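Engineer: Got a sequence here, can you build the structure:
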Amino acid sequence: MSASPIRQLASDTAIYGLSTLLARFINYLLVPFYTNVFDPAEYGVISLIYAAFVFLNILYTYGMESSYLRYAAGEEGEGERRVFSTAFWSLLLTAFAFSLGLLVAADPVAQYLGLGGEYGGLVYWMALILLLDTTAVVPMAALRLKRRSWTYAGLRTGNVLLHVALNLVLILGLGYGIEAVLVSNAIASLALTLAAVGVTRRWLRLSFDPLLWKHMLRFGLPFVPTGLGYAISESIDRLFLAHMPPEAAARLYGPHVTPTDVVGIYTACYKLGVFMLLYVQMFRFAWQPFFLEHGRRPEAPDLFARTFTLFTAVGALLFLAVSFFAHDLVRIGISIGGRKRYLIDPAYWDGLFIVPLILLAYLAQGWYVHASAGVFLHNRTGDLPWITLLGAGITLLGNAWGVPRYGMAASAWTTLISYAAMAMALIWRAQRYYPIPYAWRDLLGIALVSAGLYGLVLWLQPSGPVRLVLLLFGGVVFIARRWLPGKRKLSMRLPGVLVCFALILSGCMGSRQVWVGALEVTGHEPFTELTLVTDDGARYLLRLSEADRRLLQARIPIRVQIRGRLQEGDWYGQKRDWIQVRSWKIITSQEEG
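Structural biologist: As a prediction, this is how the structure comes out:
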């Protein structure tokens, strides 16, 4: 089999990926910015608005982007212009009508989102943003279809740069509040829309084909319930968290934490899944044109199976990398004006435990994207609604039952289960009319190695260098299993090698594992120094940062440096020694020095 199709997909993925990576990275810089200038409740309001965007964007576009790609593929000349113009004018006119309706219903929409009187005016900005973004949908899709990836990348990157710059100017320079987020978005969306329409104007005519429009609606409308079901799985958890009983929020996260605070904390930590989301989106942008071009060829099923295995292997490594270093990432910071600023402000760290779950959920979303090839190629979009509604049902039931009891944990686990259920259901269904010979044995090996590495890190709590070596070792394992001779035999020995390797590294590189008996606080809160008493009677002096103190008060495990060990009245210790504080009780003590 020729490797050129894979190279073509890789080339498109790289271009879309680099631009999306740059755009997402620049846009993600707003997350630490927001978490350092807005408190969790204010960031929660922003999160609720953008959760509403997920639902409204689906209603505004009603599957027309997919219909355009389906009917424009292979068209040239007048037929190409006819499809483009019909889809463009359809979306523009309906978007104008929808936005007008949103303005009329602004008060009930604001009330449902929990914005309150203070932020009710933000609905007007929402209506404008939705109108502008919808207008740009068909032109941007045309650039993808025509493989004008560099133009697409430039427009997307410029849009994000403008959005970020306006945020900085409006918030830091002019002193705006959270309304600056939407004002910046609206201006950036206007610029993108004008540029995209300008680049694709040669395909736009003042014409509309009613018969073609009916066919496009027939193809695209099944994506609406599908999209809404998917939106429920992706974003409805914020609304459940926003409406959780206040007493539940106080019980789970502290007496001064409100449901809107919980939404802000959850969303900020959810954003750390951007690494996997970025990877999936990079793949999705290149995958749809790729399978439309190659799907009818006899070698396509084998090609798609190989692509699926490679996608999963890279995704597994990305999951391990982010999971291993999530706590280290959020601690990255600089001092500004005498105050330490972190990548994510410590007020949001209570939600870091959801990061591995969100990463796996996004990986399952990638499986769903891959399996959609069979749906497109055989025009079986009618199968999508029941699959996504299955995921939506799981999400609704899981959040309704779990959020009042378990808060953010219930939302994160429900998201993972929902995405996984949708992916497996679509794979099962698509196999019936477009069989793909998936390499399930290789996929199982990837899953077992990933689970083993992640379990080792949870168990041993090794230092950063050890985690990095384990991550690299996992990459070598995946490569050996896929390409080296005798890979089956090699893979059977890997679990034992992995355990021994991790134990040796942990012992050689100064990583310490300590089960804590008690923490004795020195002085009154807020404390910055305490004595750690281990089960074997050893006593350590620990000095905590403000971030560590917040985590400790929230009963979250922390890793802290040993400042000294008490032996015969003297403190000693080396700065490279670290202790993982995994469980504790706090005893106030005025005698400890």
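Engineer: contacts, neighbours, all on C-alpha from now
Structural biologist: OK.
Engineer: Scan this protein for its longest helix.
Structural biologist: Taking DSSP state H as the criterion, the chain has its longest helix at helix 300-330.
Engineer: Show me which positions of that helix end up buried.
Structural biologist: Residues of helix 300-330 classed as buried: 300-309, 311-313, 315-324, 326-327, 330 (neighbour count, 16 or more other Cα atoms under 10 Å).
Engineer: Do a quick rundown of the helices in the stretch 251-400 of the chain.
Structural biologist: In the stretch 251-400 of the chain, the helices defined using DSSP state H, counting those that start in this stretch lie at 259-270, 274-294, 300-330, 355-377, 384-406.
Engineer: Tyr28 is nearest to which of these?
Structural biologist: Among the helices of the stretch 251-400 of the chain, helix 274-294 comes nearest to Tyr28, with 8.0 Å by Cα to Cα.
Engineer: Can you give the distance of the closest one from its chain's centre?
Structural biologist: 15 Å (Cα atoms, centre = their mean, to the nearest Å).
Engineer: same thing with stretch 37-57?
Structural biologist: 15 Å.
Engineer: Report the mean confidence score over that stretch.
Structural biologist: Averaged over stretch 37-57, pLDDT sits at 90.
Engineer: Show me the contact partners of that stretch.
Structural biologist: 34-35, 113-115, 126, 130, 134, 178, 181, 228, 231-232, 235-236, 238-239, 258, 260-265, 267, 347-348 (Cα atoms under 8 Å, 6 or more residues apart in numbering).
Engineer: now do 7 Å
Structural biologist: Stretch 37-57 is contacted by residues 34, 113, 115, 130, 228, 231, 235, 238-239, 260-261, 263-265, 267 when judged by Cα atoms under 7 Å, 6 or more residues apart in numbering.
Engineer: with those residues in mind, which one is nearest to His378?
Structural biologist: Closest to His378, out of all of those and judged by Cα to Cα, is Leu228, at 22.4 Å.
Engineer: any idea how far the nearest residue in space to Trp367 that is not next to it in sequence is from Pro222?
Structural biologist: Distance criterion Cα to Cα, 6 or more residues apart in numbering; nearest residue to Trp367, sequence neighbours excluded, is Ala423 at 5.7 Å. Using Cα to Cα, to the nearest Å, we find Ala423 at a distance of 18 Å from Pro222.
Engineer: what does Val183 give?
Structural biologist: Counting by Cα to Cα - Val183 and Pro222 are separated by 33 Å.
Engineer: These two: who's more crowded?
Structural biologist: Ranked by neighbour count (other Cα atoms under 10 Å), Val183 and Pro222 place Val183 first, with 21 against 18.
Engineer: ok now do that one, which residues does it touch?
Structural biologist: Val183 neighbours (Cα under 7 Å, 6+ apart): Trp125.
Engineer: Tell me which helix or strand it sits in.
Structural biologist: Val183 is located in helix 179-199, with elements delineated by DSSP states H and E.
Engineer: Can you list the buried residues in that helix?
Structural biologist: Buried residues in helix 179-199 (16+ other Cα under 10 Å): 179-193, 195-197, 199.
Engineer: Please apply the same query to stretch 440-449.
Structural biologist: Buried residues in stretch 440-449, defined by neighbour count with 16+ other Cα under 10 Å: Asp442, Gly445, Ile446, Val449.
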